[in-house]
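Novice: With the input below, show me the fold.
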Amino acid sequence: MAAAHGLLWLWLVGRLEAGLDHWATAQRAAGGQVGHGPATRGGWPWAASLTLPMLRLVDPGGLAWQGTALELRLALPWPTRLALAASGAQQLEVGPAVLPFTTTSLTGSLPLLPGPQPLRLQAEALAAATPAGPLLLRRAALALATQPGGSLLDLALEGLALPALPAATAALGPEIGRVALQLALAGPLPLAALQGGVPSTSQAMAWRDAGGRLELRALDVVWGPVQAGGTGELTLDPTLQPTARATLRLAGLVETLDALLAAGLLTPANARGLRTMVQLLQLAPAEPGPPRLNLPLLLRDRTLSVAGFTLLRLAPLRWSAQ
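Specialist: Okay, the predicted model is just below:
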């Protein structure tokens with residue numbers, strides 16, 4: 001049994017190395033870059049693992065990530081997911097922008113068997129240095145499930161402290177308590193969008209004609225007294241411009257106006273007028289909870305309106321020629 005266990009471990013480590021080489025070759029053939037130091041085997045006796053030091057990944061669209069080390073791990077005896085764990089200082093590059101960051105934990109897992117199992121990523125205590133100041137995030141979780149008919153994304157953030165928001169933080173608090181959303185994409189996503197580029201006119205037209213749409217199925221935001229939720233849907237019109245309908249639900253507006261007044265962001269007269277308007281328009285929900293204000297949003301013919309009132313006119317969306 002010990003010998004069989006050892007042979008299984010050696011076989012799985014070999015499969016990890018072969019799979020990594022195959023993936024890296026495919027990435028390079030597509031125009032990406034994959035580089036790392038000598039891999040180290042490990043994980044015995046409960047797992048088979050490879051640790052890749054000084055890993056740098058660049059996708060064909062130019063998005064780059066690098067980290068001090070990344071561990072790939074398969075649990076014994078029969079792995080169904082590939083576990084990922086990054087450690088040390090890391091860096092994300094989007095075009096000319098460079099974002100160095102650290103986390104106490106950055107883990108993920110990839111399904112190895114066919115089916116609807118999603119890709120999962122989790123981060124704890126993320127701290128990033130941006131030109132505007134430090135960005136802090138207590139916890140993040142992402143799940144992405146891709147199927148032939150579309151994709152489903154779930155994102156949850158907790159304890160998000162954004163830089164360069166002194167006025168808002170003075171009124172609503174130093175961090176956004178929670179941001180959670182679920183997005184559903186119907187139709188095949190153009191390859192250029194996956195690589196961070198701009199899809200072509202023909203790709204956008206094919207996506208629209210195949211029934212392509214982006215649905216916001218759920219939204220939940222809590223920042224101080226503000227509670228926001230909503231749903232919506234976005235498609236492309238005959239001229240390949242975005243058209244969308246959404247409903248934004250807001251609660252805690254009276255308390256928010258009081259906080260803005262206390263922070264000096266509203267005059268007493270403006271605060272009184274807005275408070276009266278909110279109290280007249282907000283409704284008591286059918287389920288237990290605070291009163292809320294429902295705002296219908298509409299984007300049509302490049303014009304964004306709220307409850308029938310025009311907010312702004314958008315510039316036309318330009319698709320690439322290729």
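Novice: and this protein, what are its domains?
Specialist: 1-111, 135-322 (automatic domain parsing).
Novice: Identify whichever of those lies nearest to residue 125.
Specialist: Residue 125 lies closest, by Cβ to Cβ, to one member of the domains of the chain: domain 1-111, at 4.2 Å. Placement of C-beta: from N, CA and C, glycine included.
Novice: Distance across the closest one, terminal residue to terminal residue?
Specialist: Taking Cα to Cα, to the nearest Å, domain 1-111 runs 28 Å from one end to the other.
Novice: quick check, distance from that domain to the centre of its chain.
Specialist: Computed by Cα atoms, centre = their mean, to the nearest Å, the chain-centroid distance of domain 1-111 equals 21 Å.
Novice: what do you get for stretch 142-153?
Specialist: Counting by Cα atoms, centre = their mean, stretch 142-153 comes out at 12 Å from the chain centroid.
Novice: Also stretch 247-264?
Specialist: Chain-centre distance of stretch 247-264: 26 Å, with Cα atoms, centre = their mean.
Novice: so where's the stretch 201-322 of the chain shaky on pLDDT?
Specialist: Residue ranges of the stretch 201-322 of the chain with pLDDT under 70: 284-287, 322.
Novice: Helices along that one, start to end?
Specialist: 201-209, 253-262, 268-281 (DSSP state H, counting those that start in this stretch).
Novice: Of all those, which one comes closest to residue 67?
Specialist: Closest among those, once you apply Cβ to Cβ, is helix 201-209, at 32.1 Å.
Novice: Please identify the buried residues of the closest one?
Specialist: By neighbour count on 16 or more other Cβ atoms under 10 Å, the buried set for helix 201-209 is 203-205, 207-208.
Novice: Distance to residue 4 for those residues - can I get that in a markdown table?
Specialist: As requested, these are exported to a markdown table (distance: Cβ to Cβ, whole Å):
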| residue | distance to residue 4 |
| --- | --- |
| 203 | 51 |
| 204 | 54 |
| 205 | 56 |
| 207 | 50 |
| 208 | 55 |
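Novice: wait, residue 283 sits on residue 291?
Specialist: Yes: contact status for residue 283 versus residue 291: in contact at 6.4 Å, counting by Cβ atoms under 8 Å.
Novice: Among these two, which residue is more densely surrounded?
Specialist: Set residue 283 next to residue 291 and count neighbours by other Cβ atoms under 10 Å: residue 291 wins out with 16 against 10.
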